[in-house]
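Engineer: have a look at this fold, sequence not included:
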């Protein structure tokens, strides 16, 4: 028991010195910081200058977000326009088909980031300096956007290499290849650079639970960003509507051709019957009556086929309208008043903090460690 009591007393005696030592260390650190306060003032000044330079070099960017709520695919077998048309035209008329979407709204992010979609956007018109009267295409506008000065320094080696290659290359890269038959695209370097930039600046995110799609466009001009965001939404709607109604339009076009053929056949049979009756009206021969009956049956059969195709054509036209999805724009494109991203004040604060932290770490630990290294290796 006495040994345990002694150990407890010894441990209690050791605790205060440890606390004192920690307090002494903290005080020592604080004292060292106070002694280098003039250096810290200089670090604050240097950080302030660097922060201001960086803040002024980074161009302002504005973000426009559009919230889109598309109609998801569902069964329309009971209440759709095609079903209503079929019920009016007769129970035997139907247009059975798969109601599943060939391309539904869940692929909106992939559509927006696809090369053909962005390539079409490059040719759209945008206002110049916020003026509606003067417009340029989006590709030309991207050339007018500014970049930080260090991006040009980083890009100098690549520009030099490209310049040297162009001297020894006879290939004309001013025009890209557009091969719609094979479905291949060969872009120029300028187009590829702009599309890569647009893939970062134009994004679409869809919530799988609610099917809400958020389209975001970030550009340096707030009005151009709003115009591009609105165009992206409309073009996205056109893409999805085009894919959704493609099969129905193909069926409708086929029935249009079939309808004209059956109409011509019916008119021809009708005219043939009428001409025969007119020329043999006074004859009562059995052969004449038999031929007249045959022509009448041909005309009736042609009319039945013609009438059935006409009914199917009406159903197909209703189905095209039925397959068009409905889009509700929950939040339209609004011209932003404030820039997005990191503010200029934050850039200044970050660089001031980094400068002060670097000086403190160097003075408290770095110098001593560097001196030790020099004494050991020199």
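Structural biologist: Received it, and whenever you're ready, just let me know what you need. Bear in mind that the values here come from a model prediction, so they are computed numbers and not experimental data.

Engineer: would you mind measuring from the residue most central in space within the chain to residue 195?
Structural biologist: Centroid-nearest residue in the chain: residue 112, 2.6 Å away (criterion: C-alpha atoms, centre = their mean). Residue 112 is 12 Å from residue 195, where distance means C-beta to C-beta, to the nearest Å. Bear in mind the C-beta positions are built from the backbone N, C-alpha and C, glycine included.

Engineer: ditto for residue 55
Structural biologist: 29 Å.

Engineer: do residue 273 as well
Structural biologist: Here residue 273 is placed at a distance of 64 Å from residue 195 (C-beta to C-beta).

Engineer: could you list the low-pLDDT ranges of the stretch 101-250 of the chain?
Structural biologist: Scanning the stretch 101-250 of the chain for pLDDT under 70 picks out 101-105, 130-133, 152, 155, 158-160, 162-183.

Engineer: at 50 what do you get?
Structural biologist: 101-103, 173-175, 177, 180 (pLDDT under 50).

Engineer: strands of that one, residue ranges please.
Structural biologist: 125-128, 131-137, 177-179, 184-186, 202-206, 213-219 (DSSP state E, counting those that start in this stretch).

Engineer: what's the angle between the last one and strand 202-206?
Structural biologist: Here strand 213-219 runs at 160 degrees with respect to strand 202-206, directions being taken by axes from the mean of the first three to the mean of the last three C-alpha atoms, to 10 degrees.

Engineer: so how far is strand 213-219 from its chain's centroid?
Structural biologist: Centre-to-centre, strand 213-219 and its host chain are 8 Å apart (C-alpha atoms, centre = their mean, to the nearest Å).

Engineer: same question, stretch 257-267
Structural biologist: That offset, for stretch 257-267, works out to 45 Å (C-alpha atoms, centre = their mean).

Engineer: now it: buried residues?
Structural biologist: Within stretch 257-267, the residues that count as buried by 16 or more other C-beta atoms under 10 Å are 258, 259, 262, 265, 266.

Engineer: still on that earlier bit, redo the strands of the stretch 101-250 of the chain as JSON lines? Include distance to residue 328.
Structural biologist: Shown next, in JSON lines, are those (distance: least, C-beta to C-beta, whole Å):
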{"stretch": "strand 125-128", "distance to residue 328": "26"}
{"stretch": "strand 131-137", "distance to residue 328": "27"}
{"stretch": "strand 177-179", "distance to residue 328": "35"}
{"stretch": "strand 184-186", "distance to residue 328": "33"}
{"stretch": "strand 202-206", "distance to residue 328": "14"}
{"stretch": "strand 213-219", "distance to residue 328": "11"}
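
Engineer: out of those strands, which comes closest to residue 282?
Structural biologist: Minimum separation from residue 282 across the strands of the stretch 101-250 of the chain (C-beta to C-beta) falls at strand 177-179, 68.7 Å.

Engineer: and the gap between the nearest residue to the residue nearest to the centre of the chain once chain neighbours are set aside and residue 69?
Structural biologist: Excluding the flanking residues, the one nearest residue 112 by C-beta to C-beta, 6 or more residues apart in numbering is residue 204, at 4.1 Å. Using C-beta to C-beta, we find residue 204 at a distance of 13 Å from residue 69.
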